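>>> show me the folded form of this:
(one chain, ligands or ions: 1)
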Amino acid sequence: MSQPDSRADDPASSLQPPPPPPPVAWPEDGVLTRDWVAGLTATLDLCSRSLPADQLPVVLPAALAQRLVLAASVILHREPNLVRVDPRPDQTVVVVGDVHGQLHDVIFLLQDAGFPSEDRIFVFNGDYVDRGAWGLETFLLLLAWKVLLPNCVFLLRGNHESKYCTSVYGFEQEVIFKYKGQGPQVYRKFLRCFEDLPLATIIAGCVYTAHGGIFRGAIVVPSKRSKKGKKGNKYKASSTIDPTLMKLGSLDELLKARRTVLDPPWEGSNLIPGDVLWSDPSLEMGLSSNKERGIGLVWGPDITQQFLYTNNLKVCYLSFIICVLVIGII
Ligand SMILES: [Mn+2]
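Have a look, this model is predicted:
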C-alpha cells in the first residue's frame, strides 16, 4: 500500500517558486523617498529568502546597483575623515557594530531600534561585507539610507571595506557570483565607494567611534639635508623609526590623512587609515606596532586615557571593545 502523497492535493503552482518581484527602478525624478527605501528593503528581503542568488540581477539590475553606489559615494566623498555628529537634545544616536552581510539582522535592527529619521541618528561602525551571504544587499540597503538621510545616517569604514579583505573573505566572490559578467565592474564601484567612507566620528563632542581605534602621529626627525641647512625638518610616520618614539596622533592629523586608498598601507607615511581600521586595544600599557596583524597598533589603557583626556572625550566606541574614561555624565 503506497503512502498518500501530501502534495497531491496541492495545486501544481504551489510547487513552483514564486515569481521574482519586478525589477527595482531608480526613481524617475532621481530623488529617493522613504517609500522607495522601504520597497528596496522588502525586495531585498524577499529575494534573499526565495530567489537563487545568481538571479538577483533580474530584480536588482547591475545599472541600478551601480547608480546607488555612485549616488552614495558622492555624498560620502564630501565628508571629512572625522565626522562630527552633534545631535540635538531630542535626538537619539544609535551606534551599530559589524554587520558582515547579515541582511536580516540589519532589517530587524532597523525595525527594532526605529528607522533612521530626524529624531534618530545611526552611526554604523564599518564591516558591512564579507563572511555573511548578503554583503552586497546589506551594504546597498545602508547606502540607500545614506542617500535618503545623509545627515542622519553615518557609515564609517571597517577593515573589511578594502580590496585585500574582500578578496580573501568572500565579498568579491559574492559580487562575481551574483552579477557574473557584470560582476567585476560592480565590484570596482564598491571598491571606489569603500575609499570614500569616512574613518571615525565624534558624537556629541565626547564619544569617539572608529572601527579599530587609536592612531599614531607623525614625529619630526631631522633629515640629513637639514643638517646641511638646505632643507627643513622631515615628517615621518613614527613606526618607521625608533618604536620608543612612537606617539599618539592628534585629531588634526586624523583629519588630514589620505583615506582614499584601496588598502590602507602598513608602511610609508600614510599610516593613520590603517591604524584607525586595524588597531587593537590591549591590557598592556603603551603604544606599539600590531605585530600579530602586521598593520595598525596595539595600545594600552594609559594611551586610551591620554587620548580621551587630550581631546576632551569621554568614551571610545570601537568594534572590539568600549573604552571609557569616566569624567562626567554623558
Ligand atoms: Mn569585523
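
>>> find the nearest non-adjacent residue to the residue nearest the centre of the chain, please.
For the chain, the residue whose C-alpha lies nearest the mean C-alpha position (CA atoms, centre = their mean) is Gly126; its distance is 2.6 Å. Computed as CB to CB, 6 or more residues apart in numbering, the closest residue to Gly126 that is not its neighbour in sequence is Gly158, at 2.4 Å. In this view, the C-beta of every residue, glycine as well, is placed from N, C-alpha and C.

>>> okay, now the one you found: neighbour count?
Residues near Gly158, counting by other CB atoms under 10 Å, number 27.

>>> quick check: it vs the ion, distance?
6 Å (CB to the ion, to the nearest Å).

>>> helix/strand/coil for Ser288?
Three-state call for Ser288 (DSSP: H, G, I helix; E, B strand; the rest coil): strand.

>>> quick check: it vs Glu118, distance?
44 Å (CB to CB, to the nearest Å).

>>> doesn't the residue nearest to Gly126 belong to a helix?
No - under three-state DSSP, Gly158 sits outside any helix and is assigned coil.

>>> contacts only, for it.
When contacts are counted by CB atoms under 8 Å, 6 or more residues apart in numbering, Gly158 touches 98, 125-128, 211, 277, 319.

>>> Ser288 and Glu118: who's more crowded?
Ser288 (18 against 11).

>>> with adjacent residues omitted, what lies nearest to the more buried one?
Val298 is the one closest to Ser288 (CB to CB, 6+ apart), at 5.5 Å.

>>> so how far is the host helix or strand of the one you found off the chain centroid?
Using DSSP states H and E, Val298 maps to strand 297-299. With CA atoms, centre = their mean, to the nearest Å as the basis, strand 297-299 stands 21 Å off its chain's centre.

>>> for that strand, what is the average pLDDT?
In this model, strand 297-299 has an average pLDDT of 95.

>>> which strands and helices sit next to that strand?
strand 280-281, strand 287-289 (3 or more CB pairs under 8 Å, 6 or more residues apart in numbering; DSSP states H and E).
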